[in-house]
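Asker: What shape does this take:
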Amino acid sequence: MEEISPVTQEVRAVVRVVNPRGLHARPCHALVTAALGHASSVRVRCGPREVDGRSILSLMTLGASAGEELEFRAVGADASELVRTLVALVEGGFSELD
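Answerer: Take a look at the predicted model:
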């Protein structure tokens, strides 16, 4: 029997960090939790550095501060949904906005 694999797509989005403390442990945990809830892989770029979006330690090495841009690049069947979720977390300030 032939197995048909799902259509693989790549989706990218750029978003500016709006929470005052940037990417510290709690926002990184929120991003990883969201990423692990999807089948697609995700890479996150900040400036010249790019890391695995499913690794909290890797995300923390980005050192992204408020005002810096993050680029999400997801690949997989649910890449679009994953990127939308991650962008919403960042735009919402990880619930750290007053």
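
Asker: can you give me the helices in the protein?
Answerer: Assigned by DSSP state H, the chain shows helices spanning 25-36, 56-61, 79-91.

Asker: looking at the ones you listed, which is closest to residue 17?
Answerer: helix 79-91 (6.2 Å; CB to CB). C-beta: built from backbone N, CA, C; applies to glycine.

Asker: Show me where the chain dips below the pLDDT cut-off.
Answerer: Scanning the chain with the threshold set as pLDDT under 70 gives 1-7, 98.

Asker: how about 50 then?
Answerer: Scanning the chain for pLDDT under 50 picks out 1-5.

Asker: So which of the helices of the chain is nearest residue 73?
Answerer: So among the helices of the chain, helix 79-91 is nearest, using CB to CB, at 8.2 Å.

Asker: now the closest one and helix 25-36, what's the angle there?
Answerer: 170 degrees (axes from the mean of the first three to the mean of the last three CA atoms, to 10 degrees).

Asker: Export the helices of the chain as CSV, with columns for mean neighbour count.
Answerer: Output for these, formatted as CSV (neighbours: other CB atoms under 10 Å):
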stretch, mean neighbour count
helix 25-36, 18
helix 56-61, 16
helix 79-91, 18
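
Asker: out of these, which comes closest to residue 46?
Answerer: helix 56-61 (9.2 Å).
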